[in-house]
Every structure is written in C-alpha cells, then in structure tokens.
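Colleague: Predicted model and sequence follow; I will ask about them next.
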Protein chains: 4
Amino acid sequence: MRNTQDAALIERLTPADAAVPQLGQAACDSPKCSGAFIEDESGVLVGISRHNLADPQAVPVFFEEAGPRRQLFFAPHKTKVAVVTCGGVCPGINDVIRSIVMEAHHHYGVAAVLGIRYGLRGFIPACRHDVMELTPDAVAEIHEFGGTILGSSRGPQAVDEIVDAMERLGIGFCVFIGGVGTMRAASAIMAEITARELPMGVVCIPKTVDNDIHFVSRTFGFATAVEQAAEAIACAHVEASGAPYGIGLVKLMGRQSGFIAAEASMGLKHVNMVLVPEDLFALEGPGGVLDVLEKRLRSRGHAVIVAAEGGGQHLVDDTGRFDPSGNPVLGDFCGLLAARIKAHCKAAGLPITLKAIDPSYIIRSVPANTADAVYCGFLGRLAVHAGMAGKTGLMIGSVNDRFVHVPLPLVTGERKRVDIASDYWQAVLDSTGQPRFAQAGG
Amino acid sequence: MRNTQDAALIERLTPADAAVPQLGQAACDSPKCSGAFIEDESGVLVGISRHNLADPQAVPVFFEEAGPRRQLFFAPHKTKVAVVTCGGVCPGINDVIRSIVMEAHHHYGVAAVLGIRYGLRGFIPACRHDVMELTPDAVAEIHEFGGTILGSSRGPQAVDEIVDAMERLGIGFCVFIGGVGTMRAASAIMAEITARELPMGVVCIPKTVDNDIHFVSRTFGFATAVEQAAEAIACAHVEASGAPYGIGLVKLMGRQSGFIAAEASMGLKHVNMVLVPEDLFALEGPGGVLDVLEKRLRSRGHAVIVAAEGGGQHLVDDTGRFDPSGNPVLGDFCGLLAARIKAHCKAAGLPITLKAIDPSYIIRSVPANTADAVYCGFLGRLAVHAGMAGKTGLMIGSVNDRFVHVPLPLVTGERKRVDIASDYWQAVLDSTGQPRFAQAGG
Amino acid sequence: MRNTQDAALIERLTPADAAVPQLGQAACDSPKCSGAFIEDESGVLVGISRHNLADPQAVPVFFEEAGPRRQLFFAPHKTKVAVVTCGGVCPGINDVIRSIVMEAHHHYGVAAVLGIRYGLRGFIPACRHDVMELTPDAVAEIHEFGGTILGSSRGPQAVDEIVDAMERLGIGFCVFIGGVGTMRAASAIMAEITARELPMGVVCIPKTVDNDIHFVSRTFGFATAVEQAAEAIACAHVEASGAPYGIGLVKLMGRQSGFIAAEASMGLKHVNMVLVPEDLFALEGPGGVLDVLEKRLRSRGHAVIVAAEGGGQHLVDDTGRFDPSGNPVLGDFCGLLAARIKAHCKAAGLPITLKAIDPSYIIRSVPANTADAVYCGFLGRLAVHAGMAGKTGLMIGSVNDRFVHVPLPLVTGERKRVDIASDYWQAVLDSTGQPRFAQAGG
Amino acid sequence: MRNTQDAALIERLTPADAAVPQLGQAACDSPKCSGAFIEDESGVLVGISRHNLADPQAVPVFFEEAGPRRQLFFAPHKTKVAVVTCGGVCPGINDVIRSIVMEAHHHYGVAAVLGIRYGLRGFIPACRHDVMELTPDAVAEIHEFGGTILGSSRGPQAVDEIVDAMERLGIGFCVFIGGVGTMRAASAIMAEITARELPMGVVCIPKTVDNDIHFVSRTFGFATAVEQAAEAIACAHVEASGAPYGIGLVKLMGRQSGFIAAEASMGLKHVNMVLVPEDLFALEGPGGVLDVLEKRLRSRGHAVIVAAEGGGQHLVDDTGRFDPSGNPVLGDFCGLLAARIKAHCKAAGLPITLKAIDPSYIIRSVPANTADAVYCGFLGRLAVHAGMAGKTGLMIGSVNDRFVHVPLPLVTGERKRVDIASDYWQAVLDSTGQPRFAQAGG
C-alpha cells in the first residue's frame, strides 16, 4: 500500500534485465477455454513516477504480468510438478503449497505434485527422505497449521545431485519457496538444467519473514508476523508503564532490514524508539540513543524500545561465525544495549526497571492470517501458471500493485532495506516521536 | 497487492481530470526542515500497462503523490483543523483520527484540532452537539477501541449551515472521513466555500468497509473486516460439515460490490459458492445455483455458501425504500435463497440441514488489526500534509502502491465493483471450485 | 469457581439417589500398576454448607469420585469402546473424542474405539452411515477444529435398533456426548440393555453450550462460547455508542437458562441490561424494561441490551412448534422487543438508532480455548475410566470442584437455571447497573 | 474444575485456624435492602471427601462464605477504601481494581477509593508518589488494558510508615492485591494496626500468575496466561516438526510450582515432556530426560519440551542471589538442558535442530480473557463486601467452588504445588505420553 522499492535500482533497470527466460515454444492449449488470459506483452511498467518517464531517451522497462497463459509449454496430464520449501518457516507456507496443488490438479489436471522433504536435502539420496505425493485431499486442511508440512532445512546441496534427482523423478518444473539464498541455489540449478539442455522449469516464490527482497512489495507471512510482533510490543508497554522508570525492550526479527520493527511500531502506538540495521545510530553522546532515552524517561516515566535483531551491529564485535545458510551469526546487540542502558541510567540517578522480551519464533510459526492466506493463494496459483507456460528462472514478484515475473538475477543481489531518507521512515519517526539519532562514528 | 481498478475508467482519464485544486499560493515554510518533501510534479502514473503507453498520441495521466510539501498554505500556529466521521463505522476510524491529531500537533503545531460530533449533524446548531477538542493526550489510547469516538450519523445536512459553522469555528481545513455519499457532500461544501471565496480546505479520507471506491486499492478497515468475515465462514463450515447434507449460508456486508465476500472466501478454503452483486446468476435451471449446490451435496455431503448482502438483488423485488443515507434498502435475497434451497432439496430428496449465519456488525465494529492500523496512520498523516499545503477537493487515494491525491469528481460517481471477467474473480472461482453460473434471464 | 447448583435439589438428595449402577464384579487389574487409583468409597460430599451438616439426623450424601479404578470390569484388549455425539455442536467435542481415544488406546490398550456417525442415526441401519474407526493417528489433530468429526444429528431413534447395533458391533461400553435429551435416550438404552441382560455400559458426557445441566458446574465449551459472546457484545457497544441514542441489542444462546448471557455480560462491562428466561420482567410500566431503558438513554445517550434467546418467552405467543430434538421452537422475543423499543422511544421523543446483532452459531462452532481443551481432556479420560470399571448409567459431573459420577436420573429432569435470588444474579446486576425489573403480570 | 488443594494441609486444619478476625461490632445496615445476604455462620466445609467426615471425633472445619453482609462495620459515606497492587503484573488486575471501585461506589456509596501508586512504595513519603483518586468514570475502560493502572513494585517497605500513611489518608480498609510476599506484608501491617488499636481493615486478593497459593483453586489471570502459554507451545511444535530431529523447548513461568506448564501442556496436545519444579527428574541415565527424549526423536522425528522456569533447579547451582521481592534468582536450567541435549544427541548421532522459545512477559501482560474478567469481578466485589463488614486479616479464597474468607496465616507459609502423586499429574502424563522419569540422585 506504500512503495518501499529502491528508486535507484529501478532507475538502473534496462528492458534486457526484465526479460524472463522461456523453456521453448508453448504448444498446447490451456484447459481453461474461457477466462482472462494474460498476454506476455501486457507488461507492467516498473518506474511509474513522472521523472521516470520524463527523459525522452529513456526506454520504459516492463515486467511480464503474471497470470494464466493461453498456450502452455507442458502438456498437463503428463507433467509432474515439484515443490520444495527451504530456510526458516514463515506464516503461510502451507497456504502456498495448498494453492500450488489445487491449481495444478483442479485447473490443469497435472499428473502429480511431488513434495520434496526438508528443503534441498530432500533431493539428496544420502539424506534418505522420501518424496511426498501431494494430492488435493492430502493438502485440504494444511493451511490451518503454521510451518511447512514438507519440513525445511538450511544450507546448500550439490547442484548436480539435485538436477539428477529432478530428472529421476521426471519433474516438469519445480517451485522453490525460499529466500534470497534459495533463489541463488535455484539460479545455479537452472544453469545446470540449461547446461544439460533439459526441458525443466525453475519457478521461485519469495519467502522471507523479513520482507527484504526487491521487487516484492510485501513477502507472504510478513503481515501475520507484524500482527504477532505488535502483540509482543503491547506487552512491553504494559510492563514498562507498570513500573517507575520502566523500560520495555523488544527484540524482533530482521537481520539486515528493519521492516518488521518499523511496521509493528507504526501499528502499535506505544513504541518510543525503533532501532533498525539501516540506521547507524550512536548510543552515547548528545542525540544518541541513551541521551534520548534518558530525556524520555525523565519526561514520561517509562519507555518502549524495539530493536531489530540486526540493529546496532555496527556497535558490536563481529562474531565471525555463520549459520548453515551462510548468514553471519549476529552479535548480541540487545544484550549490549541493556547493559549500557543500565549503566547510563545508574549514572544518571534513574532507578529503572528493564524488561526484555524476545518473542523469537512466536512471530513466524503461527498460521497465516486471512490477508496472507489470500496472498499465498495468488502466489501458488501464479507460480503454476508460470511453470505450465514454460517460464523459468523467475520469481513471482509484486510491483506497483501487480503480480509480475521477475528474472532471478534481479533479486539475488542485495537485500531490500528500509530507506532512512524516505517518507516511509519519516512516518515511523512521526509515529514514535523518535528524533533522528546522532550517527555512530560521526 | 493485486490491482482491482477499473481498466476502462483509467483509459478514459485525461490530465485535466487528475488536477487537484489548490487554495492559493503556498507561502509558509514547513516546520520540518529536513526530510523527504514531495514535489507536486512528482506524479504517479495511473495507467501502467504496456498498452496504456503504446499509443504515441495518448498523454500519460499522473496523480499528485501524497506527502509533506515544502511550502504550506496555512500558517500552522494559527490554523484549526476539523475532523468529522460520517456513515457506518469501520475498523480503524479512531486510528485515522489519532493520526490526524498527532501529525497536526506534533509535526505542524497547529492551534487546535476540532472533532465534530455525530457526522454532519455536528455542524448543525439545532442538533446541539458540542465540538470536542482533540488533544494528543485525549486521543492517545483511542485506537484500542472500535468505532469512532466522535460518533457518526447518516444523511445530508444543509450545506450553508455547515459552511456557516466552519466559518464560525474558524476552521482552516476539514478532514471528512466517509464514503461516496460523504464525498458528494464534501464536494457540495467545497462548492459553497468557493462561492463564498473562503480560504478553507476540504480533504477526504475514503471510508467504506465494502472497499467500493475507485482509486483506492483497499479502503482502511477492509482487511480487518475480512479477517472477521473469515471467522464467520469457518463456523459455517463447522456447522455444515457436522450434519448430513449440512449447508452453511453466510451473509456478509457488500451492498453493491462483493469484495468482502470474495476476499474472505479466498482466505478461508471451505467456501463452495460466492454470490456477489456483480454476478447476475440464475438460481434455477442447469448451471444455476441450486443445480450446482445439489451436485455438490451429492458428491461431498455438505456445502458452504457466502452471499454478499447485495448479491441476488436481480432476483428479489425492489423494496422501494431508502435508508437515511439515501441507499436503497435491499431485498432479502438470503431469505429467498434459503427458501428456494429448502424447496429444491426437498424435491430432490435431500434431507438438508441449513444453518444461516449473519455476522452483520461484528465484522465492522472491531478495532483495526495492525495492517489497518499502519495504513490508517498513513491516511491521517497524508490528509494533514495535503490540507496544510492548501490542497482541496481531494481524496487521499492509493493507486499502483502509492498514496496519491485524487480529485473528488473522480470518485463520487459509480462504485468500484468486482470485475467478473477479471483474473481476480477467476482466482475466487479457482479457490472455491465454483463454476461460472448460468446467468439469470439468459 | 462459583457455585451455581440448586440448593433445594441438593437438600432433597438421599444416598440412594447418588448410587451408581455397576455392571458386575470388577475382575481384572488395571494396567497402570503405579498411580493414584480412586476408591469407590472415596466419595465427594454434595451439600457442603454448614446447615447441610447441622441436622444430626440427616445422612450426608456423597457422589463417587471419578477416576481410575484398581479393578476393571472389562478386559482391555478384548473391549471395544463406542463414541457418539448428539445434538448441536459445542466447542471441544473433538477434544473429548480425542481424549477418549488416547486414554482407551494408550492407557488401557483396548481393541478398538468406534465412532458412530451423525448421532443416534449412526446406529440405525436404514441411515446407512458407516462406523468410523478412531485410532490415535486418526484423531491426533482433530482438536484443532470446531464441531465434531463424527457429525451429529437431533432427535430420538428406536432404542431396540440402537441396542441391536451395539450388540452387532460388539461394544463393551458406549460414551454418549450430548445434552439432557441425549441422556434421556441413554437411560432408555440402558434400560433395554438391562432387560436383555447384556454386559454393556452406558457412560455420558454432558454437552450443552447453555450450561443448563445439574451437577455440572460448567459444561465444556461454555467458557469458549462466553468468550465469543463477549466479542459480539463489544461490537454492540461500539455500534451503540457511535450513534446518538444508539442501542445495541445482542441475542445470545440460552433457551431455558441465561448463563451465557449472564456470564458474558459480567465479562464485558458495557452491558446495561441482561434479559434471561429466568427473569419474568415486565416490558411496560414503571420499572419495566422500556422505562429503565429510556432513563438510561436520557442519562448516558446509549445502551447495550443482551437477551438470551429464551428470554421474554412469557411475553410472546407460544409457537406451538417443536424442533427435531423435541424442544419447543421459541417465539421471536427479540423481534418483539425491537418493535416495542422503537414504539416506546418514538413516543418518548428519542430518535434512537437500534442495531441488532445475532452471532448465533458463531459462538458455538469455534475450536475450544485452552481452558475448555484441558477440561475436555479430563472428561474423556474419566469417561473411559468409568466405563472400563463397569460403571454404567452415569454422567461425568463436577460438583464442589471435583469430578464425580452422577446417576442419570438426577440429570434428566429439570434444567439447571440461573437463580434470580442468588448472589450470582446480584453480581450480574451489580456489574450491569441493571435494577431488578418490575415483573410481568405483577 | 478439579481440586488441586493439598489434602494433608486440609487434614491438619482446626476450626480455630479458619476463624477470620472482625474489627468490631457491625452496627450499620447494608444499603442494599433486598438481596441474598450471606450469614457468617453459613460456612463452607473444607474437607469434603468421605474420609474427612468418617472420624466421629473430628470436628468439621468451615470457612466463612464470602459475600455481602446484612450489617456493616463501616458507615459507607464516611469510609475511604484504598487499593494497592504489588509484585509482578498478571492479567486482570485492572478488572479487580475496576470492580472494587464500582462496588464501593455504586453498591455502598463510599466517600472515596484511593489508588496507591507503585505498590507499597506508594505509602512511603520519600518515594513521592501521589495517591490517585479512583472514580467510576476514571476506571470505566481500564479493563481493556493489561497490567495495572496503579503501577507496581517489589519488595518490603517500613510497616510503621505504611500505617502512618493509612492513618493520614483516613483509610477505612485497604485491599492488597498481591502474592504470598504481599500477604506477609499485609499480616505485618495488620499487626501494627492492631497494636495501635486502629479501626482499620486489611483485605487481600491473591495475585500470582503461577497459581501457587493455598485455598485458591485458580488465581486470577492464570487462565489467560495459560492461553498465551499454549500459543507459544504451538509455535514450538511447528518449529520442531518442520526440521529433521527438530526439538522445541519452551520456558514458561512457574518458579516453585509447575501449574502453568502442566495446564498449558494438557491444553496443547503436542507436548512430549513437561519439566516442573515438583518433579526431581534425572537428566542422564536410563529413564532420565535425555534417554526418553532420544527414544522419542528416534521414533517420531521431533519433540516438544516444556519447562517451568523453576524446573530442574535441583540440577543447577544455587545462584545465591535474590530479587527485590526476596525470591531467589533461579539458575539457568533451560540453558543447561539445551547444552546437555546437544551433547547427548551429538554423541547419539542425532543431528538435531533445537529451537528455544521464552515467551516471558508475553504470557502475563495481556488483558484478561472473559473467564478471568468475570472472576476478577467477583474478587473485587467480595473484597469490598468483606471490608465493609469489618472483616480483616483475610484473603478472598476459593475452595470447593465457593468463594470464602481465608485467614492470612493459612496462606503465608508454603506455596501450593503440583502433587506429583495425584491424578492431576497423572492426567498430564497421560496427555503428553511422558513416562515417570527416573529421579535425580536416585
């Protein structure tokens, strides 16, 4: 409902960047004779501000609009579709799986939908995970449950073994539900498929509770996670306001991007400071976090602080460690912050009561709310439409309120981050009453 | 997240249609010296499909982007802002009010924000409602409650009396929170203001739980209402599946547009038919609703039907009556449907158990969920920015994932409706397994 | 947590009334060698007030305490247990079913648990419903869903056909989950079993969302239903307080007993009047409902009224009709009330806005909350303990905070009702500020 | 709904133990002329099992039933009531405060209700907290919020200063809302009042989210906390079942008593082990926790463990530290457990994924659910009834499904704990499938 895309990234785009690979000539009629098919050429303009169109030399860039195609590459009744879920769980994965299965079976009548267990490990023979056949009956109720019925895992697996398995299983196209790391793996898999000249499609559905993927205005599960995060913040406010000089400190997910923290803080009105990875705030000194906190405590008697888990990493030592997905293990900024608050307030003569809340997995393991459930339904359906039409190497994205096909190279680079100079961040500041902090090292 | 705008309406737009009136020369610096001001010329393109841009003769149409302006028309510390809420309640009204008050006071430092009680009646001396001063302290917790702290009412009031009252109160600009009827009233008020040559602004925030306003991708409160509606549907499914040949029939809000019914049905997977005002389905005959229902009952033993309150009006007699807002009183289609189902199934030898659920106000009187709360925060803030800059005769709209200024004449005509030929409706059909019904009178 | 038992009923009890039939000599050791077995003689005193014990002539009456017995009547590995659910749904039925299955299988290792479909109809061959085998795996997740996985139906079936079916299926004992009507049927079935001299047990678990069964302090599902009812009342308050002279009228379940209305009204503080079947209030005249309402509207500007569906039946015509369970079809008191309110307020010059909310099935079709889920777990477990020990003709009741065996004749007579003279009802009056109404016909 | 009282404690009671002090002769009529007054002699029998009554020598012990008295000690319109909230927050405190205020004002018409800020500190002049006058209007909406509007603090304050303040404020009786520590302080305050021969009452309402107070079947807020805890467990199950050899470890409140852990685990069916302070389980060795866990992982692939914060303290070093309330700071058993699980599973060749969830304050800072709200309403009302009648040195307790007056000495000793030998704990074991663990040091 409000654009959080990177304007500079959009400026740099060329029509070539936006082109989606096609497996081959689509040669088979879609079974749905009526209905509003989408034509490949009905693109969606990416840069829609006046200045994007002002330069008469500039060639406008369009993404393919997602949706059912009149002509299919795969003959439905001979086609097997695979689904795999990778990385951490997120509200709505089962909704996406269910939607893929229902669309593939009821709309196209495919031969089978195969569920790969426990992420990319499920392709690896040595891991000995059986493939799970996903029939409409088997998935009818799965959306009632959080998590993923397929299971998930982190980390890469050998690309050739994966493609071997896909060949052995006779897969037409595979839907990868995962984050940037998974999409990098999908790119490598697609490269191997291309090298082997196989007629096999790779379609990705972006999954990250942090909402940090470009060309996706809101990742699925994000809305649900924000609702959950808001409940934790409400508790912090109760704890803070119930004690003299009470401080509630809430740690939320968000490794590189502070969208959950920003959005939940705007939803709940009781947050006084939001500390996100994108803001290189100073702790000490005038205009730093501790100074602002002290003023707040003196004037109002309590305070609520929300910190994204990746916030303040510029102030803690690099751990030098990595998780199985290859993400750096973050330093304990919240621990540091709590210690520095205590020291600062002690020195300032403020007898604080600090209550730290870390809802951790509670915000991501719940079932999707209705908004996310509807959204997940679209993603699953559109992934099947794209796959059946022979589209490959793409992610189902959403820009300018339309679902589109985004080529994978556009999303496997940098993460989408909160733009501290944007009106979006200003809205966070207005909502919290937080000033722009003095910057660290400044 | 998916466009539900009327493509034909967009095709017809001209740049003149999109121009927003301005009260006069903005002459005063905005108090926020830093920050990302929005320039009037940074418009948002309305038609963003490739074919919208294909015709070299066509002049692209832009809406002004909403946001803080560098130059203000009103000198903040002398300005009084008024807020009025009209029509039925909707989740999030208090969030909008709170946001207006906070932005006007904390960001601009206005002289006062005045709350008008019980809709337009609050302007009328004979109704004897006092004006309520809205301070930051007074509104700090109001977002925790459903409804509107100002109260509301339906129906028009004398325009000259309203403008008299606005003059008497010394209002700089007034924010009208209401639906299409309210925006028509706001247009008339603006005309009177113009005739009197008053420097007084009219800014509207669209409010309709039915989501039936053009150039608003999703009205505030809609997301919350859909969550509530989904809960009612879940109950209908339980009731239906617990009895032999059980039928759950849920009536949902949606007088002219079936968005709540459509969206909630996609969210909850147990709906088998959605009956919306936009679909002129037949009840009887092959492919009619009763025929499809009977087949469903025979194959699966139970069924869930969701009907928008305005669904099936082509099949009931016109009541000839109108409510105080001037909306026609709808005929009792759900009563007719229940009777026809019973008769049909009795004739067909199916011993059904029909349970009707009408959640009515339960879906609209709850507090906003976090998604709506965040959204309401933007609407309130942006209305104040627009008003302070001297913009008038506009609605804060949202197109293509951007907040924009939409001139009132563009939204006071026809309602936005579900396009039965669109992929959006096809998604509803795919999700429910509902066929395209035979059409009435066909 | 507060006693709502009928004191007069307790006074009349004799030790003979409290004796539970036993199928025969328990002859087999319970498989659980350790653990706290309950002895039959460890009874629970029913009347525990000082005056119950003051009369030295009076013989104290004890109910058997429910729980595992050291000696069993049925040899577990040869025993089949049946479960049947009758009447309207209620939160927690699936929890009870799950608990029965888990206890019977994991604790005792029975041969099978058989689920009878669609109430007593499931025993009748002509209805052609298959029996459903209930294994631990089959029921593992059913508690996540409202309603009953077995289905239900209303109304009696031929007792001899039922006992024929029980014989044919080789059932050891059957757990009937239902209300007073079901327990009457269970009594008749037990009589037939006794007449045939069959070693077959009848154990009942009380199920009524209205909480109107004697010797059950709170029926399962009641707590969940009250939470749901409270949400509907909250909406009525929002609607009422948002309009000048707004009135919210909420209709809640409660055919003969107003416990849901009373309890939800105490939970939500915004109710001004509670109209229950037990109170024979007058509408007209000084101190009648309309008079009190008018005063409330004049002093506070809005009002919320909660009416149990059986409230005010003394003021409407008898419908003369009965539902399939044999319950009289209630007259439309809420319709009458709304009409009389409108007429009264029009005459009084009060321009009211009346919003009626009927949440109907929404309060009973949801899954159980945790409190009910825990409670249902005990009921299922204790029913299996009772059945395995050869207890028959009993209901699992709860008095004085203990689970007990209550002989069926004690519960198949009159319903438990709110005692208008009790401190419990006084608490409702204190909470709502409602006076004691003038009584009808008085 | 199921008795968790300590049977041995009940056996030891004498009639003298159960006698409640009375400030003096009640001399003033209660303003409510009608209504069901409770007589002091209408006691509630404490021990109600048959064997409690079997001994003809034994004198039955009764608690006074709580409720309105016909004769008052305090003349209402001259009386000031004080309320103070101590210790950690708990769902429903504001409901209790609201109920006290409403009953004192609307039922009795007292002169004032005074809210003491931030616990016992609020009595101490040096802490400079103003007293807050609690009018019906001021508290009308407070039940919508978690926490306590009065604020709270931990730790003792000088008894003479407290009584000085009570005299200075002219308090008739004070309601202390707090746990065992608070009730010890209240006892000391009452002793000082007695020594000074003041006509001043001390009434306590038990508040502990851990539910660990004798003669209270369920403390207020416990039900709400259990609902919240169940949500955290559901997330742990999702996390555990989504990874190969996934383990979810949830830490819940419960310093000395495991009621929250036990109850939430029975409510949610996915818990495999519950570790409570009352169970002195071994970690290592056959039948120890790790052994049982390994078997579970091998057979089912994942596991959920719930640990009360005080569980396993026999296995960690004493921290030797105390919090401001004087409670020992607990050792980090969950940290130890996680480490030992990792080591054990690594040695056993099981590649586990362990996810720890600590919902901490999230389970206690939420508003009360309806069940707790109703319960809190009774507690507040009954405390006022007791205070007005001149009862002192008592706690409003609940035994055998009745509200009673419990003399403070009966509750300020040992905590109520889960009886590991009871059928209640057996129900937990049956529900989880957990065996009785080998015991530590055995």
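Modeller: Received, thanks. Residues are numbered from 1 along each chain as shown, chains lettered A, B, ... in the order given.
Colleague: tell me which parts of the stretch 51-200 of chain A are close to chain D?
Modeller: If contacts are counted using CB under 8 Å from any CB of the partner chain, the residues of the stretch 51-200 of chain A sitting beside chain D are A:89, A:118, A:121, A:129, A:145-148, A:151-153. Glycine gets a C-beta too; all of them are placed from N, C-alpha and C.
Colleague: Export these as CSV, with columns for pLDDT.
Modeller: Rendered in CSV, the data for these read as follows (pLDDT from 0 to 100):
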residue, pLDDT
A:89, 94
A:118, 96
A:121, 96
A:129, 94
A:145, 94
A:146, 96
A:147, 96
A:148, 97
A:151, 96
A:152, 95
A:153, 92
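Colleague: Kindly identify which of the residues you listed also come near chain C.
Modeller: The subset of these within reach of chain C, counting by CB under 8 Å from any CB, consists of residue A:145.
Colleague: Please identify which of the residues of the stretch 51-200 of chain A next to chain D is nearest to residue A:239.
Modeller: Ranking these by separation from residue A:239, with CB to CB as the measure, puts residue A:146 on top at 26.1 Å.
Colleague: Surely the closest one touches residue A:372?
Modeller: No: with contacts defined as CB atoms under 8 Å, residue A:146 does not count as touching residue A:372, sitting 11.3 Å away.
Colleague: intersection of neighbour lists for the two?
Modeller: Among the neighbours of residue A:146, those also in contact with residue A:372 (CB atoms under 8 Å, 6 or more residues apart in numbering or on different chains) are residue A:91.
Colleague: okay if I get the residues of the stretch 51-200 of chain A next to chain D as TSV plus secondary structure and neighbour count?
Modeller: Rendered in TSV, the data for these read as follows (DSSP: H, G, I helix; E, B strand; the rest coil; neighbours: other CB atoms under 10 Å in any protein chain shown):
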residue	secondary structure	neighbour count
A:89	coil	27
A:118	coil	22
A:121	helix	22
A:129	coil	19
A:145	coil	19
A:146	coil	26
A:147	coil	30
A:148	coil	31
A:151	coil	24
A:152	coil	29
A:153	coil	22
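Colleague: which element is the closest residue to residue A:364 other than its chain neighbours on?
Modeller: The spatially closest residue to residue A:364, leaving aside those adjacent along the chain, is residue A:209, at 4.8 Å (CB to CB, 6 or more residues apart in numbering or on different chains). Assessed by DSSP states H and E, residue A:209 sits outside every helix and strand.
Colleague: from memory residue A:209 sits against residue A:90, does it?
Modeller: Yes: using CB under 8 Å as the test, residue A:209 is close enough to residue A:90 to be in contact (4.7 Å).
Colleague: residue of chain A with the smallest distance to chain C?
Modeller: The shortest separation between chain A and chain C is 5.9 Å, found at residue A:144 (distances taken as CB to the nearest CB).
Colleague: just checking, that residue touches residue A:367?
Modeller: Yes: judged on CB under 8 Å, residue A:144 makes contact with residue A:367 at a distance of 6.2 Å.
Colleague: hmm, who's touching the worst-scoring helix or strand of chain A on mean pLDDT?
Modeller: None of the helices or strands of chain A scores lower by mean pLDDT, DSSP states H and E than helix A:50-54, at a mean of 81. With contacts defined as CB under 8 Å, 6+ apart, helix A:50-54 is touched by A:10-11, A:47, A:58, A:60, B:41-45, B:60, B:62.
Colleague: With chain B in mind, check whether the helix or strand following that helix reaches it.
Modeller: Reading on from helix A:50-54 to the C-terminus, the next helix or strand found by DSSP H and E is strand A:62-65. Yes: with CB under 8 Å from any CB as the measure, strand A:62-65 is seen reaching chain B through A:62, A:65.
Colleague: Next one: the residue of chain A most remote from its centre from residue A:245, what distance?
Modeller: Among the C-alpha atoms of chain A, the one most distant from their mean position (CA atoms, centre = their mean) is that of residue A:349, at 43.2 Å. Residue A:349 sits at a distance of 10 Å from residue A:245 (criterion: CB to CB, to the nearest Å).
Colleague: Fine by me, we can end here.
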